[in-house]
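Enquirer: make a model of this:
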Amino acid sequence: MLSEALQQAKAWAALAELAPSLRERELRVLVALTNKFAATTHQSGRASISQIAEWTGLSTSNVRLALADLGKRKAIATRAGTATEPAGHILTFTRATQINTAKGVPGVGTPYAYSRHTPNTKH
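Expert: Okay, the predicted model is just below:
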């Protein structure tokens with residue numbers, strides 16, 4: 001298992017590679033999620049739309065749009081929350097391989113399947 005510091009460093013390096021291709025709202029959300037979850041074992045955790053909005057200074061509608069866009073890019077995977085638990089998010093971009101695109105923008109390779117058995121999930 002990677003040490004916590006090395007795991008965080010790799011996550012931030014992967015984010016730095018992806019950052020030029022992101023919109024500002026996507027970058028703000030991804031930075032916030034990376035800041036909160038990069039040191040966790042599975043690089044995942046739970047956060048509500050309003051929590052992410054507070055962390056980023058974005059409106060909740062912009063957070064929703066950013067999460068949807070990041071999901072389409074396979075940079076994160078999100079599992080819907082419930083009435084009592086916020087949505088679960090996993091940083092899939094940290095597990096991705098860079099691929100070359102026609103425009104030279106880093107892409108995301110192998111998507112990471114988000115399972116029901118993530119940290120902080122009640123079984």
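Enquirer: could I get the buried residue list for the helix or strand bottoming out on mean pLDDT in the chain?
Expert: With mean pLDDT, DSSP states H and E as the measure, the helix or strand of the chain carrying the lowest mean pLDDT is helix 4-18 (a mean of 89). Residues 7-8, 11, 14-15, 18 are the ones in helix 4-18 that count as buried (16 or more other Cβ atoms under 10 Å). C-beta here means a position set from N, CA and C on the backbone, and glycine is covered the same way.
Enquirer: what about it, distance to the chain center?
Expert: 12 Å (Cα atoms, centre = their mean, to the nearest Å).
Enquirer: follow-up on the earlier one: tabulate the buried residues of helix 4-18 (TSV), appending distance to residue 66.
Expert: Formatted as TSV, these follow (distance: Cβ to Cβ, whole Å):
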residue	distance to residue 66
7	23
8	22
11	18
14	17
15	14
18	13
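Enquirer: on that earlier part again, could you say what helices and strands the least confident helix or strand of the chain packs with?
Expert: Applying 3 or more Cβ pairs under 8 Å, 6 or more residues apart in numbering; DSSP states H and E, we find helix 4-18 packed against helix 24-37.
Enquirer: got the angle for the helix it packs on vs helix 4-18?
Expert: Angle of helix 24-37 versus helix 4-18, following axes from the mean of the first three to the mean of the last three Cα atoms, to 10 degrees, is 170 degrees.
Enquirer: which strands or helices does helix 24-37 pack on?
Expert: Partner elements for helix 24-37 (3+ Cβ pairs under 8 Å, 6+ apart): helix 4-18, strand 44-46, helix 49-56, helix 60-72, strand 88-91.
Enquirer: what angle sits between that helix and helix 49-56?
Expert: Using the same axes, to 10 degrees: helix 24-37 against helix 49-56 is 100 degrees.
Enquirer: can you give the distance of helix 24-37 from its chain's centre?
Expert: For helix 24-37 - counting by Cα atoms, centre = their mean - the centre lies 7 Å from the chain centre.
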